[in-house]
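Enquirer: Build me a model:
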Amino acid sequence: MIVICEPICWGLEHVPLNASILEILRLAVPSEKIVFCGERSHLKHVSIQIEPEIASSIVWNAIELPPRHIKDSKRWVVDYKLLKNLTRMLNEDAQSYLLLTSIAPSTLLALKFIVGYLRRGRNAQVILHGGLSKLEGWRSRNPIIRLQDLRTALVAPDGGKVRYIVLEKPIKEVILNKLPSLEGRVDVLDHPLPSNAGEQSTNDLSVPLQFGFLGLASEEKGFPFYIRLASEFSKKYSQRVEFHAIGSLP
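Expert: Reported below is the predicted structural model:
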């Protein structure tokens, strides 16, 4: 059995990624029982995104999530209860795996706190995406605050039962550069897309050609480089190109 849990996202958040993860797993292990746990509206959107045949083969399990932007200190209790329930589910099967499709530092710490309850042959993997820019730069010297940050959660002991998945090779390189103790525990999966994401024809391209930057407009994600390209292309091609930023400023 493979138990997949989305402990953070609500509604449409990260639907394409989670849908494609389900498709990949179903194709990889066609006879394995797959359970997907998530917020109720998120389950609905993910199930619509994937092929009906695959959707019907998955067990959909609605769970209660804490408020989207709750403090980690308060979220820890909720995460602990959720992961304790998932642990019980995993231990019912002789060979089972847990995959968390996103995390907050509190989620990862809660997982590592209870991972010892997993019986032999049960392991966990965590997809790291979003918030990794927090590995860069200044850290608080307050030990209580440090206990709640992502760097502490990543290096906390887990008996070798937790592995990490990143969606681009450069992300792995950055993580290992900052946290060399994770060598051998970080796997790369090229960022997947749902199988029906490319169905629209691209033969009807017309000007202006539109380019978009999605997500946090930070230096770490290359936003200054995007701005420079936008400036150079706009000068050269005038009204034939448009550049958009969709997301938020740091």
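Enquirer: pLDDT at the one residue sitting closest to the centre of the chain, what is it?
Expert: Per CA atoms, centre = their mean, the C-alpha nearest to the average position across the chain is that of S102, at 3.5 Å. If you check S102, the pLDDT there is 93.
Enquirer: residue contacts, it?
Expert: E6, P7, I8, C9, H14, I127, H129, G130 (CB atoms under 8 Å, 6 or more residues apart in numbering). The C-beta positions use only the backbone N, C-alpha and C, and glycine is treated the same way.
Enquirer: Surely the fifth one and E6 touch.
Expert: The reference is to H14. Yes. At 7.2 Å, H14 and E6 qualify as touching, with contact defined as CB atoms under 8 Å.
Enquirer: thinking again about what came up before, from the contacts of S102, which single one is nearest S206?
Expert: If you rank the contacts of S102 by distance to S206 using CB to CB, H14 comes first, at 30.6 Å.
Enquirer: I'd like the distance between that closest one and F113.
Expert: Distance, H14 to F113, by CB to CB, to the nearest Å: 25 Å.
Enquirer: Ok, T101 next?
Expert: Relative to F113, T101 is positioned 20 Å away (CB to CB).
Enquirer: Which one of these two is surrounded by more residues?
Expert: Neighbours per residue (other CB atoms under 10 Å) separate T101 from F113, with T101 holding more: 24 against 16.
Enquirer: ok, the more buried one - contacts?
Expert: Taking CB under 8 Å, 6+ apart, one finds I4, C5, E6, C9, H14, L17, N18, I21, I127 in contact with T101.
Enquirer: same question, A55
Expert: S47.
Enquirer: about what we covered before: quick one: secondary structure of the residue nearest to the centre of the chain?
Expert: Three-state assignment for S102 (DSSP: H, G, I helix; E, B strand; the rest coil): coil.
Enquirer: Could you tell me whether R139 really is in a helix?
Expert: No. Under the criterion used here (three-state DSSP), R139 is coil, not part of a helix.
Enquirer: mind listing the helices in the chain by residue range?
Expert: Secondary structure of the chain (DSSP state H): helices at 15-28, 40-49, 52-55, 72-91, 105-114, 143-146, 150-155, 169-178, 223-237.
Enquirer: If you count neighbours, what's buried in the longest one?
Expert: Pointing back at helix 72-91 there. D72, R75, W76, V78, D79, Y80, L82, L83, L86, T87, M89, L90 (16 or more other CB atoms under 10 Å).
Enquirer: And for the second one?
Expert: Of the residues in helix 40-49, those with enough neighbours to count as buried (16+ other CB under 10 Å) are H42, L43, K44, H45, V46, S47, Q49.
Enquirer: tell me the angle of that helix relative to helix 15-28?
Expert: Angle between the axes of helix 40-49 and helix 15-28 is 60 degrees (criterion: axes from the mean of the first three to the mean of the last three CA atoms, to 10 degrees).
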